[in-house]
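A.B. asks: sequence-free structure coming up:
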């Protein structure tokens, strides 16, 4: 862990937006929020995760990168308890949530917000009802209180005028923002983002990145992102973990990744068509 | 040869897993029924879908079922001069057997397929996962209201089907065999005992709950993409039909 901390304290390189920068990692070092211990999972006879070990500090934004099928989304699904590992465990605030009863898993999930790749809004409900759903199901609040909290979260993601619309009536970017509003409606301590900028135009993607940074700054949440979008990864994360064939092959700060001489890392982050990754796939 | 055996073994294993999963879904839905008051709106929506959505089809099927039974048995009875007994056969046949079975076969095709497609689509688009992540049990949120709604709707529609079928039989008895409506209904009244009516309605309740459990569990087990949803819908209807006929035999054997 010390090696990781030294690595991520290295100064940032490359252009950054002045008013939207991730909090420096040395300011965040503290207790571990999420810990993956020897996480191993096979799906359809293929090893997707092969002994992944990772610790994410409270308040940190960690980005998991890797090619398609590398096990990024599977990692997120393990953290939130949608998948059970074949071996190993996931700890949330030090509590093993992989071998618990439903009640304990629910308590752990209470701390987590999840932004799905396709937002996963319930199509039969309006945006407002989608965001209000966790409050209606879990908290004994009166309608005016629910309205106030939902309106505040929708305003935070810039959707204050879209509450009455159904998911089919809004754009992909708006769905992502509505999904984010739903993920943060109960003020979670940890937010998981599955491809938050995938399929969005650069301007909307930038807005989503700003929202992720705002979550860290304003709410102090721990964030774990899965993405292929390297500009997003460099912009919002304190640390980046690269998954390849179910293993973490590199873990470090964005600056370390940019400076890396590892041909696998370089090919991936610069999107080169020729290199060791292409040869392996062939 | 060995390849075929392996395929058969896999099919058997899949069937056992599927049956176990459906039973698990049903038991969990029953355990959640104490919280039904929180799902009143959803329950009402599902009841409207099940009953009003099926009313027209059940009317046509029941009417023609009663008419065909009356026509076929009437032709035979006429040879013995017993066509006045048509009310007996049509009413008992509708209440004991044809009302529940044809109504629930219709519900399996109309509502069961809708449930499987709806929940399957939610599964594929990660909406079911989203519910789980929000600590909302999909069984409580999606399955329990549907199981109750289809159970209630099956019973209500069977009463409706019994009446329409008997009416259809009476129309044919009058027009084809000249049996007076009053005699037909008097015969029906004399023939029917409470057990015939309650037995048929009990069957409907079992069928309705079974169809809902099968359809919802198939939706929750849907594979990836549109093809996965299509296969789940097909399986839901086929398995519902098989279970319905199997349970019909067993219940008839137990009741009569």
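C.D. replies: The structure has been received and is ready for your questions. Given the structure is predicted, the values throughout are model-derived calculations rather than measurements. Numbers count the residues shown, from 1 in each chain, chains lettered A, B, ... in the order given.

A.B. asks: For residue B:244, give me its contacts.
C.D. replies: Applying Cβ atoms under 8 Å, 6 or more residues apart in numbering or on different chains, we find residue B:244 in contact with B:101, B:104, B:105, B:108, B:207, B:210, B:211. Where you see a C-beta, it was placed from the backbone N, CA and C, and this is true even at glycine.

A.B. asks: Check whether the last one really touches residue B:110, as I assumed.
C.D. replies: No - in terms of Cβ atoms under 8 Å, residue B:211 does not count as a neighbour of residue B:110; the distance is 10.1 Å.

A.B. asks: Please identify which of these two sits among more neighbours.
C.D. replies: Of the pair residue B:211 and residue B:110, residue B:211 is the one with more neighbours under other Cβ atoms under 10 Å in any protein chain shown, namely 31 against 17.

A.B. asks: Tell me who's in contact with the more buried one.
C.D. replies: Shown in contact with residue B:211 (Cβ under 8 Å, 6+ apart): B:104, B:107, B:108, B:111, B:112, B:150, B:154, B:240, B:243, B:244.

A.B. asks: Checking my notes, it in a helix, right?
C.D. replies: Yes - the assignment for residue B:211 by DSSP: H, G, I helix; E, B strand; the rest coil puts it in a helix.

A.B. asks: Give the helix, strand or coil label for the residue nearest to residue A:275 when sequence neighbours are not counted.
C.D. replies: The shortest distance from residue A:275 to any non-neighbouring residue, by Cβ to Cβ, 6 or more residues apart in numbering or on different chains, is to residue A:267 (3.3 Å). At residue A:267 the chain is in helix, as set by three-state DSSP.

A.B. asks: Of the contacts of residue B:244, which is the nearest to chain A?
C.D. replies: Chain A has its nearest neighbour among the contacts of residue B:244 in residue B:211, at 21.3 Å by Cβ to the nearest Cβ.

A.B. asks: where does the closest one land on pLDDT?
C.D. replies: With respect to pLDDT, residue B:211 scores 97.

A.B. asks: With residue B:60 instead?
C.D. replies: So residue B:60 comes in at 96 (pLDDT).

A.B. asks: Inside helices: which ones of the contacts of residue B:244?
C.D. replies: B:101, B:104, B:105, B:207, B:210, B:211 (DSSP state H).

A.B. asks: Show the contacting residues for the second one.
C.D. replies: Spelled out, that is residue B:104. Counting by Cβ under 8 Å, 6+ apart, residue B:104 has contacts B:154, B:158, B:203, B:204, B:207, B:208, B:211, B:244.

A.B. asks: which SS class is the third one?
C.D. replies: Classification of residue B:203 using three-state DSSP returns helix.

A.B. asks: one step back: and of the contacts of residue B:211, the nearest to residue A:189?
C.D. replies: Taking Cβ to Cβ as the measure, residue A:189 sits nearest to residue B:150 out of the contacts of residue B:211, at 40.5 Å.

A.B. asks: who touches the nearest residue to that closest one once chain neighbours are set aside in this structure?
C.D. replies: Counting by Cβ to Cβ, 6+ apart, residue B:150 lies nearest to residue B:212, which is 3.9 Å off, once chain neighbours are set aside. Applying Cβ under 8 Å, 6+ apart to residue B:212 gives the contacts B:111, B:112, B:115, B:143, B:146, B:147, B:149, B:150, B:151.

A.B. asks: gap between residue B:212 and residue B:115?
C.D. replies: 7 Å (Cβ to Cβ, to the nearest Å).

A.B. asks: burial of residue 174, as a residue count?
C.D. replies: Reading this off chain A. Using other Cβ under 10 Å, residue A:174 has 20 neighbouring residues.

A.B. asks: was after chain B, sorry
C.D. replies: For residue B:174, using other Cβ under 10 Å, the count is 16.

A.B. asks: how about it, what does it touch?
C.D. replies: So residue B:174 contacts B:180, B:181, B:184 (Cβ under 8 Å, 6+ apart).

A.B. asks: Can you tell me who residue A:194 pairs with across the strands?
C.D. replies: Taking DSSP bridges as the rule, residue A:194 bridges to residue A:226.

A.B. asks: Residues of the stretch 1-150 of chain A that sit close to chain B?
C.D. replies: Counting by Cβ under 8 Å from any Cβ of the partner chain, the stretch 1-150 of chain A comes close to chain B at A:77, A:80-82, A:106, A:109-110, A:112, A:114, A:116-118, A:120-123, A:133-134, A:137-138.

A.B. asks: For the residue in chain A positioned nearest to chain B, report the pLDDT, please.
C.D. replies: Closest to chain B within chain A is residue A:120: 3.9 Å, counting by Cβ to the nearest Cβ. As predicted, residue A:120 sits at a pLDDT of 93.

A.B. asks: I figured it was touching residue B:130, is that so?
C.D. replies: Yes - here residue A:120 reaches residue B:130: they are 3.9 Å apart, a contact under Cβ under 8 Å.

A.B. asks: Where do the helices of the chain begin and end?
C.D. replies: The chain I'm using is chain A. Under DSSP H, chain A gives helices at A:2-8, A:72-79, A:102-109, A:127-138, A:143-156, A:172-183, A:202-219, A:230-236, A:254-259, A:263-270, A:276-281.

A.B. asks: ah, no, chain B please
C.D. replies: So, for chain B - with DSSP H - the helices run B:2-31, B:40-52, B:55-79, B:86-93, B:99-107, B:113-124, B:127-133, B:138, B:144-177, B:181-191, B:194-220, B:225-255.

A.B. asks: Pick the most buried one from those helices.
C.D. replies: Across the helices of chain B, averaging neighbours per residue (mean count of other Cβ atoms under 10 Å in any protein chain shown) puts helix B:99-107 on top, at a mean of 26.

A.B. asks: sorry, back to before: from the contacts of residue B:212, pick the one nearest residue B:225.
C.D. replies: residue B:115 (19.0 Å).

A.B. asks: Look up how far chain A lies from the closest one.
C.D. replies: Relative to chain A, residue B:115 is positioned 13 Å away (Cβ to the nearest Cβ, to the nearest Å).

A.B. asks: Now do that residue, the pLDDT please.
C.D. replies: Confidence at residue B:115, expressed as pLDDT, is 96.

A.B. asks: Settle this for me: it is touching residue B:149, isn't it.
C.D. replies: No - using Cβ under 8 Å, residue B:115 is not in contact with residue B:149, being 9.7 Å away.

A.B. asks: list the contacts for residue A:199?
C.D. replies: Counting by Cβ under 8 Å, 6+ apart, residue A:199 makes contact with residue A:172.

A.B. asks: and the gap between it and residue A:119?
C.D. replies: Per Cβ to Cβ, residue A:199 is found 11 Å from residue A:119.

A.B. asks: which residues do residue B:212 and residue B:115 both contact?
C.D. replies: Joint contacts of residue B:212 and residue B:115 (Cβ under 8 Å, 6+ apart) are B:146, B:150.

A.B. asks: nearest residue to the spatially most central residue of chain B other than its sequence neighbours?
C.D. replies: Centroid-nearest residue in chain B, with Cα atoms, centre = their mean: residue B:104, separated by 2.2 Å. Distances taken as Cβ to Cβ, 6+ apart place residue B:207 nearest to residue B:104, at 3.8 Å, with adjacent residues excluded.

A.B. asks: That neighbour touches residue B:154, doesn't it?
C.D. replies: Yes - assessed by Cβ under 8 Å, residue B:207 is found in contact with residue B:154 at 5.8 Å.

A.B. asks: joint contacts of the two?
C.D. replies: What both residue B:207 and residue B:154 touch, as defined by Cβ under 8 Å, 6+ apart, is the set B:100, B:104, B:107.

A.B. asks: Export those residues to JSON lines and append columns for pLDDT.
C.D. replies: Formatted as JSON lines, the shared contacts of residue B:207 and residue B:154 follow (pLDDT from 0 to 100):
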{"residue": "B:100", "pLDDT": "96"}
{"residue": "B:104", "pLDDT": "96"}
{"residue": "B:107", "pLDDT": "96"}
